[in-house]
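Asker: let me see the structure of the following:
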Amino acid sequence: MEKRFTAEELPKRQWSIWDEWLGELPYASPFSMSWWLETVCDVFGGKPHVFVVTAHDNSIVGGIALREINFLGKSIVSPSTLSLYMPVVLSENLDRHDIVDVLTELARFLMNRFDVIHGVHNTKELSDVRPFQWLGYQVDVRYTAVTELTTYGFNSMDRSQRNKIKKAERAGLETRPYGDSAIMWDLWSKTFERQGLNAPVSLAQFRRLIDSIESHNSGIAFVTFQADGTPTSFRLCAFCNVHTAYDWIAGNDPTYFSVGASSFNVWSSLNYLKTQGFSTFDWCGANIMSIADFKLSFGAKLVPYFSLQLKPWWFEPAFKCRSVFRKAIRRR
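Answerer: Residues are numbered from 1 along each chain as shown. The predicted structure is shown next:
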């Protein structure tokens with residue numbers, strides 16, 4: 001019997017076809033766009049690929065944009081720093097049988113193409129991962145928080161957050177769209193310093209990522225200022241269309257926690273997105289209890305998503321040794 005669907009790699013000269021297809025999907029994320037993939041590979045290393053599944057009429061019905069790294073001569077699918085999602089994307093007009101067949105074709109193709117698949121983190125829209133399980137992939141359940149902006153309002157939040165926001169308003173705090181990467185970097189770095197850590201990327205890398213998002217009109221940054229103009233908190237939300245905004249990155253100056261700057265930034269940012277027509281806000285992860293509690297206190301709901309991996313026995317110990325070595329090099 002002839003196959004109903006075919007998986008193949010899309011050559012770079014045709015990546016615009018992939019981006020156009022994604023642009024027509026209401027639930028597509030910017031993390032699947034070819035320009036984002038090229039940017040993260042340029043910043044963090046790796047080779048970008050776009051794989052599609054097509055029907056008999058050559059129309060795209062599914063696919064994935066992913067990053068390949070080479071380690072010990074092995075080809076490895078691995079997400080980059082600051083990319084929570086590297087999702088499988090499906091067409092909306094597929095029935096349940098189509099979905100199984102498309103995912104089976106893609107899963108087989110990827111397992112034959114790569115030696116290791118280390119962390120394909122999907123968005124919440126991929127709800128059926130059985131074909132990957134049937135073929136031996138490890139499927140992990142993870143969680144994000146999602147706010148429905150159409151019903152979001154002041155009373156949606158916990159009382160503790162409402163009190164902090166009122167306190168911030170009395171102190172004269174103001175949040176507005178603001179694109180100064182140096183200010184955002186400073187606030188982001190202070191978030192890590194409070195935990196005794198260094199930021200995972202350099203200022204130059206940070207600027208490169210933000211510039212790419214801004215040049216593709218795929219994000220908006222919100223900075224909260226004290227009454228005297230001192231920046232206190234920020235977040236940068238990325239999007240592919242006006243359906244879903246993703247809470248890509250955020251940071252705060254801990255000096256201003258007592259005035260409710262972080263809570264006020266969330267409240268102001270989500271309200272702005274709501275006025276611009278966005279219907280959903282994905283907080284990009286809620287797997288750490290303290291972080292999840294903060295996000296859920298704004299009326300968000302806990303939503304599962306799936307991570308797919310296919311790793312031989314030797315991979316974990318070898319990759320841990322690689323990480324230790326790289327950290328030692330950075331300290332020099």
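Asker: strands along the stretch 1-150 of the chain, start to end?
Answerer: 6-9, 47-54, 60-71, 74-77, 88-90, 116-121, 138-148 (DSSP state E, counting those that start in this stretch).
Asker: sheet-wise, list the partners of the longest one with their directions.
Answerer: It refers to strand 60-71. strand 47-54 (antiparallel), strand 74-77 (antiparallel), strand 88-90 (antiparallel) (DSSP bridges).
Asker: chain center to the second one: distance?
Answerer: If I follow you right, that is strand 74-77. Centroid separation for strand 74-77 versus its chain: 21 Å, with CA atoms, centre = their mean, to the nearest Å.
Asker: contacts for that strand next, please.
Answerer: 66-70, 110, 113-120, 315 (CB atoms under 8 Å, 6 or more residues apart in numbering). (Glycine included, C-beta is placed from N, CA and C.)
Asker: just list whatever residues bridge to Arg176.
Answerer: Going by DSSP bridges, Arg176 forms beta bridges with Val223.
Asker: count of neighbours near it?
Answerer: Per other CB atoms under 10 Å, the neighbour tally for Arg176 reads 11.
Asker: same thing with the one 10 residues further on?
Answerer: Neighbour count for Asp186, taken as other CB under 10 Å: 15.
Asker: that's a helix at it, yeah?
Answerer: Yes: counting by DSSP: H, G, I helix; E, B strand; the rest coil, Asp186 is found in a helix.
Asker: quick one: contacts for it?
Answerer: Pro231 are the contacts of Asp186 under CB under 8 Å, 6+ apart.
Asker: cool, the one 4 residues further on as well?
Answerer: Residues counted as contacts of Lys190 (CB under 8 Å, 6+ apart) are Gly251, Asn252, Asp253, Pro254.
Asker: returning to what we had before: out of the strands paired with strand 60-71, which gets nearest to Ser32?
Answerer: Closest to Ser32 of the strands paired with strand 60-71 is strand 88-90 (CB to CB; 5.5 Å).
Asker: report the buried residues of the closest one.
Answerer: Buried residues in strand 88-90, counted by 16 or more other CB atoms under 10 Å: Val88, Val89, Leu90.
Asker: same check on stretch 282-295?
Answerer: Asp282, Trp283, Cys284, Gly285, Ala286, Ala292, Phe294, Lys295.
Asker: show me the contacts for the closest residue to the last one other than its chain neighbours.
Answerer: The spatial neighbour of Lys295 that comes closest, neighbours along the chain excluded (CB to CB, 6 or more residues apart in numbering), is Ala145 at 4.0 Å. Contacts for Ala145 were tallied using CB under 8 Å, 6+ apart; they are Asp282, Trp283, Gly285, Ala286, Ala292, Lys295, Leu296, Ala300, Lys301, Leu302, Val303.
Asker: in helices only, show me these.
Answerer: Ala292, Lys295, Leu296 (DSSP state H).
Asker: how near is the closest residue to Leu135 other than its chain neighbours to Ser262?
Answerer: Distances taken as CB to CB, 6+ apart place Ala107 nearest to Leu135, at 5.0 Å, with adjacent residues excluded. Distance, Ala107 to Ser262, by CB to CB, to the nearest Å: 40 Å.
Asker: now Leu110: closest residue in space that isn't a chain neighbour?
Answerer: Nearest one to Leu110, counting by CB to CB, 6+ apart, is Ile117 at 6.2 Å.
Asker: got it, and Gln133?
Answerer: Val139 (5.4 Å).
Asker: can you count the residues close to that neighbour?
Answerer: So Val139, with other CB under 10 Å, has 13 neighbours.
Asker: over to Lys301?
Answerer: Lys301, neighbours per other CB under 10 Å, totals 12.
Asker: before we move on, what about Ile17?
Answerer: 14.
Asker: okay, and the beta partners of the residue nearest to Val52 when sequence neighbours are not counted?
Answerer: Spatial nearest neighbour of Val52, chain neighbours left out: Gly63 (3.8 Å); criterion: CB to CB, 6+ apart. Gly63 has these beta-bridge partners by DSSP bridges: Val52, Val89.
Asker: who touches Gly63 in this structure?
Answerer: With contact taken as CB under 8 Å, 6+ apart, Gly63 is in contact with Leu10, Trp18, Val50, Phe51, Val52, Val53, Val88, Val89, Leu106.
Asker: hmm, try it at 6 Å
Answerer: Phe51, Val52, Val53, Val89 (CB atoms under 6 Å, 6 or more residues apart in numbering).
Asker: again, but for Gly179
Answerer: Counted by CB under 6 Å, 6+ apart, Gly179 has contacts Ala221.
Asker: the stretch 201-332 of the chain: strands as residue ranges?
Answerer: Under DSSP E, counting those that start in this stretch, the stretch 201-332 of the chain gives strands at 219-225, 231-239, 244-252, 280-282, 301-310.
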